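A.B. asks: Mind looking at a prediction? Sequence and model below.
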Amino acid sequence: MTDRITLIRPDDWHIHLRDNDVLPDTVADASRVFARAIVMPNLVPPVRDGQQADAYKARILSARPAGSNFTPLMVLYLTDQTSPQIIREAWAAGQAVAAKLYPAGATTNSQSGVTALENIYPALEAMAEVGMPLLVHGEVTHADVDIFDREKAFIDQQLVGVVERYPTLKVVFEHITTADAVDFVQSASGRVAATITAHHLQYNRNHMLAGGIRPHFFCLPILKRQRHQQALCDAVASGSSKFFLGTDSAPHARHAKEAACGCAGCYTAFAAIEMYAETFDHLGILDKLEGFASLHGPDFYGMPRNTDRITLVRDSWTAPETLPLGDQVIVPLRAGETLQWRVA
Ligand SMILES: NC(=O)N[C@@H](CC(=O)O)C(=O)O
Ligand SMILES: [Zn+2]
Ligand SMILES: [Zn+2]
């Protein structure tokens, strides 16, 4: 039994840090282990151009704990108005490393998102040309599509078309949740990859709904049935470089989750690499953790791999019941439960 594993320092290729008074809390958790993180731009109002990305980056940098070298990687939020010029300028100035497609209405703070794919064709063309990756929240939003089918419908109705139309565009299918998404990514060309969260590897919809409704498991895309969870586990077990770590750690204050209409998002940043280690250990694939957490992401983005290392040890500890989030509290995933691994 392996009790200790050393990895090149990992990065988080999908996180929500929010803004202003909560940044000291979210940035402290994100920067505890990860060297870099792709910072999602779904603020209100969203991060729509290079200048806004720069200003947000400055707020994140000034919220870092003393001595931290954590590097936020900034992302533009695509809207119906995103012009090729916005893309080219932000890319040329190094203000953003990617742009994110939120179908309008698909998830938290997506109300300014894209209402029809055609509206961003000019932006996508510019992205394909300069080499800026497209990050996708892959769910359709029509009221008549069942929430458990929205990811598959997005692949069929939108993603296949985008990948065909822009043969050089790099695409990251974010936080995938279905066997359909795994199949799509595996059979696509090398410029298509996906992030996988710790919670979608650890849980399925029974954890959220059987025996009582548990709002802290509610996230989007929603947890699916067990066979889909298994497909995600098989994807990481394959060791394929198309899959890499993206926590989608998404804080919402306790009162916003424990409510008649609760917000979508799970908070995992406080123990993310530990949760992944636990899952990989459980699956008997700890030897695949370094590729997933530390190598495939930078390789896909064309960035250097980190050079220092972290060590994880098998040593159980209890996750806190709550954590501070500005002047509120948050109930993290695994609250009060025993975690099997910790960072040495
Ligand atoms: N994943 C979630 O359930 N929520 C995210 C948005 C997102 O990544 O879709 C959030 O910003 O809260
Ligand atoms: Zn999303
Ligand atoms: Zn997200």
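C.D. replies: Noted; the coordinates are in hand. Numbering: from 1, shown residues only. Ligands and ions are numbered 1, 2, ... in the order given.

A.B. asks: Please tell me how far the closest residue to Ala123 other than its chain neighbours sits from Phe218.
C.D. replies: Once flanking residues are discounted, Ala123 sits nearest to Thr82: 4.4 Å by C-beta to C-beta, 6 or more residues apart in numbering. Glycine gets a C-beta too; all of them are placed from N, C-alpha and C. Using C-beta to C-beta, to the nearest Å, one gets 29 Å for the distance from Thr82 to Phe218.

A.B. asks: now Ile196
C.D. replies: Distance of Ile196 to Phe218, computed by C-beta to C-beta: 18 Å.

A.B. asks: what about these two, which has more around it?
C.D. replies: Ile196 (30 against 18; other C-beta atoms under 10 Å).

A.B. asks: ok, that one - contacts?
C.D. replies: Taking C-beta atoms under 8 Å, 6 or more residues apart in numbering, we find Ile196 in contact with His175, Ile176, Leu232, Ala235, Val236, Phe243, Phe244, Leu245, Gly246, Phe292.

A.B. asks: try 10 Å this time
C.D. replies: 13-14, 173-177, 181-182, 185, 232-233, 235-236, 243-248, 276, 279, 292 (C-beta atoms under 10 Å, 6 or more residues apart in numbering).

A.B. asks: Equivalent analysis for Arg36, please.
C.D. replies: Arg36 makes contact with 9-13, 30, 69-73, 97, 297-298, 301, 303, 306 under the criterion C-beta under 10 Å, 6+ apart.

A.B. asks: again, but for Asp308
C.D. replies: Ile8, Arg9, Ala35, Asn69.

A.B. asks: now the first one, nearest residue through space, not along the chain?
C.D. replies: The shortest distance from Ile8 to any residue other than its chain neighbours is 4.1 Å, reached at Ser294 (C-beta to C-beta, 6+ apart).

A.B. asks: And the pLDDT for that neighbour?
C.D. replies: If you check Ser294, the pLDDT there is 99.

A.B. asks: Which of the contacts of Arg36 fall within helices?
C.D. replies: Taking DSSP state H as the definition of helices, those contribute Ala30, Gly297, Pro298, Tyr301.

A.B. asks: Pick the one among the residues you listed closest to Asp49.
C.D. replies: Nearest to Asp49 out of the ones in helices among the contacts of Arg36 is Tyr301 (C-beta to C-beta; 20.7 Å).

A.B. asks: distance of the closest one from ligand 2?
C.D. replies: 18 Å (C-beta to the ion, to the nearest Å).

A.B. asks: And for Asn109?
C.D. replies: 10 Å.

A.B. asks: contacting residues around the nearest residue to that residue once chain neighbours are set aside?
C.D. replies: Distances taken as C-beta to C-beta, 6+ apart place Asn42 nearest to Asn109, at 4.0 Å, with adjacent residues excluded. Residues near Asn42 by C-beta under 10 Å, 6+ apart: 16, 18, 75, 77, 100, 102, 107-113, 137, 250.

A.B. asks: Just give me the neighbour total for the nearest residue to His252 once chain neighbours are set aside.
C.D. replies: If the residues on either side of it in the chain are set aside, His252 comes closest to Cys263, at 4.1 Å by C-beta to C-beta, 6+ apart. By other C-beta under 10 Å, 19 other residues sit near Cys263.

A.B. asks: now the residue of the chain found nearest ligand 2: how far from Lys257?
C.D. replies: Closest to ligand 2 within the chain is His137: 3.6 Å, counting by C-beta to the ion. As for His137, its distance to Lys257 is 20 Å (criterion: C-beta to C-beta).

A.B. asks: Can I get the ones in helices among the contacts of Arg36 in JSON lines including neighbour count?
C.D. replies: Listed next are the ones in helices among the contacts of Arg36 as JSON lines, based on neighbours: other C-beta atoms under 10 Å:
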{"residue": "Ala30", "neighbour count": "27"}
{"residue": "Gly297", "neighbour count": "27"}
{"residue": "Pro298", "neighbour count": "19"}
{"residue": "Tyr301", "neighbour count": "20"}
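
A.B. asks: Closest one of those to Ala92?
C.D. replies: For those, the residue nearest Ala92 by C-beta to C-beta is Tyr301; the value is 17.2 Å.
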